[in-house]
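# Predicted model and sequence follow; I will ask about them next.
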Amino acid sequence: PARRSVDPLSGDHPAADSGALDLGFDHVGLVQEFIPARDGHIVRVECVGGRYLYAIRVHLSGQTFDLCPADICQTAAGVPLDTACPVEAPKVGLRVDAYEPPPEIVRNVERILESMDIDVGGIEYIVDDRDGKLYYYDVNALSNFVADATTVLGFDPFERLVDYLAKEVSRA
């Protein structure tokens, strides 16, 4: 069949109107605009106790939209991470390295988490290569620490998480 372009604002949505879209068991679909990443990376900022813990740059391969930095298979220098999730090993095109975001971004991330009552979590952001605008696009109410953090970061964030949780338990 011939392909035709569809204007998403026109109200003419043949696949949706015909019921041809399979939206899974919950019948929810999400449409996102593709944002070309400035310098080919996104940044994930992790916080514990509402405070900045670390950030990583995830260098994109251009081969996938899956930007989960917990399942990275190698550092930015190409050093394999032996403890990376073996199920995700085919994602060898993604690289990660430790990164120190500007203080303003750290403050913004902490404020966003505070406004949502999130004590432990991460926020990802991207700079749009088309216009240089910064977008916070993923708020996670659960930390998803980078694989083999001691190699990537030089410390184990789980130790800081355990310390935080122990304080919270003793305070309660």
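The structure has been received and is ready for your questions.
# any idea how far L165 lies from S61?
Look at L165 and S61: by C-beta to C-beta, to the nearest Å, they are 35 Å apart. Every C-beta, even on glycine, is put in place using the N, C-alpha and C of the backbone.
# mind checking the longest helix of the protein?
helix 157-171 (DSSP state H).
# Can you list the neighbours in contact with it?
Outside of helix 157-171, the residues within contact range by C-beta atoms under 8 Å, 6 or more residues apart in numbering are E46, V48, G49, L53, Y54, D119, V120, S143, F145, V146, A149.
# mind listing what's buried in it?
By neighbour count on 16 or more other C-beta atoms under 10 Å, the buried set for helix 157-171 is P157, R160, L161, Y164.
# Over to stretch 134-146?
Residues of stretch 134-146 classed as buried by neighbour count (16+ other C-beta under 10 Å): S143, F145, V146.
# mind checking the end-to-end distance for that stretch?
End-to-end span of stretch 134-146 (C-alpha to C-alpha, to the nearest Å): 22 Å.
# so how far is it from its chain's centroid?
For stretch 134-146, the separation from the chain centroid amounts to 5 Å (computed by C-alpha atoms, centre = their mean, to the nearest Å).
# ok, now stretch 118-128?
In this view, stretch 118-128 has its centroid 7 Å away from the chain centroid, taken as C-alpha atoms, centre = their mean.
# For that stretch, which residues meet the burial criterion?
Neighbour counts over stretch 118-128 (16+ other C-beta under 10 Å) mark I118, D119, V120, G121, G122, I123, E124, Y125, I126, V127 as buried.
# How about stretch 145-155?
Neighbour-count burial for stretch 145-155, counted by 16+ other C-beta under 10 Å, picks out F145, V146, A147, D148, A149, T151, V152, L153.
# What residues are bridge-paired with the most centrally placed residue in the chain?
In the chain, the residue lying closest to the centroid (C-alpha atoms, centre = their mean) is E124, at 4.6 Å. Taking DSSP bridges as the rule, E124 bridges to R44, D138.
# again with the one 10 residues further on
Listed by DSSP bridges, the beta-bridge partners for L134 are V127.
# measure it to E104 for me?
Counting by C-beta to C-beta, the gap from L134 to E104 is 10 Å.
# Check I126 too.
The spacing between I126 and E104, counted by C-beta to C-beta, is 16 Å.
# thinking again about what came up before, D17: which of the contacts of helix 157-171 is nearest?
Lowest distance from D17 to these (C-beta to C-beta) belongs to S143, with 40.9 Å.
# Is that closest one in a helix, a strand, or coil?
coil (DSSP: H, G, I helix; E, B strand; the rest coil).
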